[in-house]
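In: model the structure of this input:
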Amino acid sequence: VISPILANIYLHYALDLWFEKRVQQSCEGMTYICRYADDFVCAFQFKQEAVKFYKELGERLEKFGLELAQEKTNIIIFSRFRQEDKTKFEFLGFEFRWGVSRKGKAIIKRRTAPGKLRKSIIAFTEWCKKMRSKRLRKLFPKLIAKLRGYTNYYGLIGNFRSLSKFYEHVKRIFYKWLNRRSQRRSFNLAEFDACWERYGVPKPRIVESDLVQLHFDF
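Out: A predicted model of the protein is given here:
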């Protein structure tokens, strides 16, 4: 386990440059790599080239004193021509799967990975328990900052349903724990909604631009 900053520097040489200079040059089909810190996904047009890369990857990383996390590493067929397989994978907190746009075009759909969504809700519940004794004028700005941070990360095109689900859980949990504060006045739902609006808690929204949306041609 290494820090994200160190991983980014180290893997730039161990993986990125190797993939660009050696792997891509030796492949007949299209290839693609996406990496953040020590998490990465590689895409290959042809299965045999993916298998060859998978075999060589372990040896390459061993030269730098690194090893693959086998429980997180595998080869899957993820193609717009094989949508009937309903293959999906998770990466950086998102679940990726193939779908069809309103115009009937095959697109990669993304949503918050179900496990990540559950963990975020649990973490928010624990945060409410710890912070419930704070005054509202201090508590709401912290809540707003958390929601904005969450939206800035998960606000991708096609993920509005998951964003809304998290938002509704947050609002319900926040209401519940505000009313469990000792020696503090409780809210009825109408009062809570008015307070929620008064502090300007942001609603879920998509922040990703069409220009940076992920596309695959194979």
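
In: how far off centre is the lowest-mean-pLDDT helix or strand in the chain?
Out: Lowest mean confidence among the helices and strands of the chain (mean pLDDT, DSSP states H and E): helix 4-11, at a mean of 80. Computed by Cα atoms, centre = their mean, to the nearest Å, the separation of helix 4-11 from the middle of its chain amounts to 20 Å.

In: go through it and flag the buried ones.
Out: 7, 10-11 (16 or more other Cβ atoms under 10 Å). For glycine as for every other residue, the C-beta is placed from the backbone atoms N, C-alpha and C.

In: check stretch 118-136 too.
Out: For stretch 118-136, by 16+ other Cβ under 10 Å, it's 120, 124, 127-128, 132.

In: need the residues that contact that stretch.
Out: Contacts with stretch 118-136, where a contact means Cβ atoms under 8 Å, 6 or more residues apart in numbering, come from 112, 139, 142, 146, 150, 166, 169-170, 173-174, 176-178, 180-181, 195, 199.

In: now which of the residues you listed would you call buried?
Out: By 16+ other Cβ under 10 Å, those give 112, 139, 150, 166, 169-170, 173-174, 177-178 as buried.

In: those residues in helices, which ones?
Out: 139, 150, 166, 169-170, 173-174, 177-178 (DSSP state H).

In: so Asn152 touches Glu208, yeah?
Out: No - applying Cβ atoms under 8 Å as the test, Asn152 and Glu208 come out as separate, 9.9 Å apart.

In: which of the two has more neighbours?
Out: Glu208 (16 against 10; other Cβ atoms under 10 Å).
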